Structure formats: C-alpha cells, structure tokens
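Q: prediction below, plus the sequence it came from.
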Amino acid sequence: MRRVLPALVATAVAVGLSAPPWRYLIEQSMVWHMAIQMPLLVLAGWWVMRAVSRGRTLPWLAPWNRYGLTGFVTALVILAYWMLPLAIDRAVVLPQADLLKLLTLFIAGLLLQHSFACSPLALQLFFVGYLVSMMTWLGSYFITTDLRLCNAYSLETQVQTGWGIAAIGVGLGAL
C-alpha cells in the first residue's frame, strides 16, 4: 500500500490535468503541459510499475525487454515524440491526441522503471545521459529561439517551459 498510494495520486493528478475544470491550465500554459503534466505522467508510470513489480522484473515482460534495451529505446522514442511542437499542439487541440499522450507517457514510465530494474549500470548511465542531454538541449532551444514553435502557446510561456525542461534535465543528471 505504501508504494501504491503515490502511484495512484500521481496518476490521478496527471490525468486530471487533461479533464475539466483543470484542462484550462494545459490550454493556457505550456509550462503546465510540458514541465508539469508530462513528467508527472512518466513518474506515475514509474511508480505504478514499481508498485506492481515490487523490485523484481516481471516474467512476461523480461524476454521482450532483455537487459532493458527495448524498454529504454521505446521510452526515449515516446519522449522524443512528445517534445515535438507539432505533437504538443495536437494534444491541446485534439482529445484523441491528448488521450494518446496520457497513455504513451504513462507507458514510457512503466518501461523505464522495468528497464532500470533489469539493465546493467553502463546501459542505465548511457540512456540517462542521452535523456539529460536531450532535455537540456530542448530547454535551451526553447529559451534562446525567437521563433514561436507551438501555435497553441505564446513565446513567453515557451521560454518559461524551456527553463522548466532544462531544470528537469539538470535535476535528472544530478540525481
């Protein structure tokens, strides 16, 4: 129960941000969308997998995710897709895309936790380094560009989001 409660709370908050009355936060601020909801969805998936697996690899997932490689690659592809401005705009405008975002980012968290449980340290460090560099680069790009990348958000919230994403990347690197 100790591991299940944070997983359920994080999942409820992350999914709740896509439903009324809190949806306006996502529609108005790119920070709430990319720097709060998206990482919270991944974290919720991580915590759910940790609660379900209780620290061991799941037998039905282990053959598919040997050494964590498949899970890491799949999770990074999902994360990279949801960093694209086009994908973010679609998630704001289309309910189907928002549902896809919720599901895939949650699955990315599940896969990341399972991959960390069954992979060697060198592989973990490689993928963490790749994710940190991807997030810090995207954050710095959002901060420094004069172009408005997302049609749904203003340039000001784009810069604020850049700072948030860069901070998350640096925090993951320090962790």
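A: Everything's here; your move.
Q: buried stuff in the helix or strand of the chain with the lowest mean pLDDT?
A: In the chain, no helix or strand scores lower on mean pLDDT, DSSP states H and E than helix 4-16, which sits at a mean of 79. Neighbour counts over helix 4-16 (16 or more other Cβ atoms under 10 Å) mark Ala7, Ala10, Thr11, Ala14, Val15 as buried. Where C-beta positions appear, they are placed from N, C-alpha and C, glycine not excepted.
Q: give the contact list for the last one.
A: Just to be clear, that refers to Val15. For Val15, the contact set (Cβ atoms under 8 Å, 6 or more residues apart in numbering) comprises Leu41, Leu102.
Q: do you know how far it is from Thr145?
A: Separation of Val15 from Thr145 (Cβ to Cβ, to the nearest Å): 31 Å.
Q: my guess is Ala7 meets Ala44, correct?
A: Yes - contact criterion Cβ atoms under 8 Å: Ala7 and Ala44 qualify, at 6.2 Å.
Q: so Gly71 is in which element?
A: Per DSSP states H and E, Gly71 falls inside helix 69-81.
Q: pLDDT of that helix, averaged?
A: For helix 69-81, mean pLDDT rounds to 93.
Q: contact partners of the following helix or strand past that helix?
A: Next along the chain after helix 69-81, taking DSSP H and E as the criterion, comes helix 85-93. Applying Cβ under 8 Å, 6+ apart, the external contacts of helix 85-93 come out as 26-27, 30, 33-34, 81-82, 97-98, 100-101, 149-153.
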